[in-house]
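Asks: Build me a model:
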Amino acid sequence: MTTAESALAEPAAAAGWPALAGRAAAGVLVPPVVVLAMLLAGWWAYAELSGVESIVLPHPGEVAAVFTDRPGFLLRHMAVTAAEAAAGFAIATAVGIAVGAVVSMSRHTTQGVMPWLYAWEALPKVALGPVVILWLGWGFAPKVMMAYLLSVGVITINTVTGFRRLPAELVELAASLAATRWQVFIRMRFWNGLPQIFTGLKIAASLALIGAVLGELLSATQGLGFVIRVTTVDTPLVYAALVLLAITSMLINSAVVGTELVALRWHRHTNH
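Replies: Residues are numbered from 1 along each chain as shown. Take a look at the predicted model:
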């Protein structure tokens, strides 16, 4: 490619990024919205035809009425839960990737640490709830901590797995080029492990929301978990809170998937 062609190609590539991000967002958001519409239709049909009592399964219209009557109340508590989950997830992402990168640098370290990571994942985190409350009190911090505790393990495990899973031909290529360990990590292990890391992030995003809600169910004065705990008699309100939790989970997961699509496409674009 000539200099003139390169000069023309670079602005075109730059101009294409908004369209790329838009297509990625549409590809991430549209399918879940379609599935949600199908689930709502099935819910409406069952509630309409089965004759089930409203206190057991409210009609979608009753739940919709809660959204129209108390939108500010619901959105305020949704924002609290989303903030707790996002904060815990962000901290878990930073810690999990950093720890995973360090552990993956050595085969012996990986062999020594990975069994403990799996043991941590097997631990029922709900048992840690009272301890976290004892440490951090009843405010915002214990919910963030619960979100962090539920999500950090899976991120770390997938990071180690992704960084260690380097094809043999790339290892031989690095050795033939006398590449340093840092060069191998930056140029090979990181990008080769990125898909596995994002697999862990997508799982951890949902776990972070579960952790935040778990913290709210144990001790809270706000958040969707708090709404569910204190309003169990008002079934339509409980179901409205559950719908918002599902939407919150979908939004967090969509943000992770969208980031994955853009990052991996950017990597492929810059290497071709």
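Asks: mind listing what V95 touches?
Replies: Applying CB atoms under 8 Å, 6 or more residues apart in numbering to V95 gives the contacts 148, 152, 155-156. Placement of C-beta: from N, CA and C, glycine included.
Asks: Which ones among those residues map onto helices?
Replies: Counted as lying in helices by DSSP state H, out of these, are 148, 152, 155-156.
Asks: and L207, how many neighbours does it have?
Replies: 24 (other CB atoms under 10 Å).
Asks: Quick one: mean pLDDT for the helix or strand harbouring K143?
Replies: Assigned by DSSP states H and E, K143 falls within helix 140-164. Across helix 140-164, pLDDT averages out at 93.
Asks: Kindly report the same for stretch 255-262.
Replies: 86.
Asks: Stretch 117-137 too?
Replies: Mean predicted lDDT for stretch 117-137 stands at 88.
Asks: that older thread, kindly reformat the ones in helices among the contacts of V95 as a markdown table containing distance to F67 and neighbour count.
Replies: Below are these laid out as a markdown table (distance: CB to CB, whole Å; neighbours: other CB atoms under 10 Å):
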| residue | distance to F67 | neighbour count |
| --- | --- | --- |
| Y148 | 30 | 26 |
| V152 | 34 | 27 |
| I155 | 33 | 27 |
| T156 | 38 | 27 |
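Asks: In TSV, list those along with distance to S54.
Replies: Output for those, formatted as TSV (distance: CB to CB, whole Å):
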residue	distance to S54
Y148	38
V152	41
I155	41
T156	45
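Asks: what's the closest of the contacts of V95 to T231?
Replies: Nearest to T231 out of these is Y148 (CB to CB; 27.2 Å).
Asks: which one is that closest one nearest to, not counting chain neighbours?
Replies: G88 (4.1 Å; CB to CB, 6 or more residues apart in numbering).
Asks: helix/strand/coil for the one you found?
Replies: helix (DSSP: H, G, I helix; E, B strand; the rest coil).
Asks: if I look at the closest residue to S104 other than its chain neighbours, how far off is M38?
Replies: Residue nearest to S104 in three dimensions, not counting chain neighbours: F163, with 3.7 Å by CB to CB, 6+ apart. Here F163 is placed at a distance of 39 Å from M38 (CB to CB, to the nearest Å).
Asks: Look at the two and report which has more neighbours.
Replies: More crowded of F163 and M38, by other CB under 10 Å: F163, with 25 against 10.
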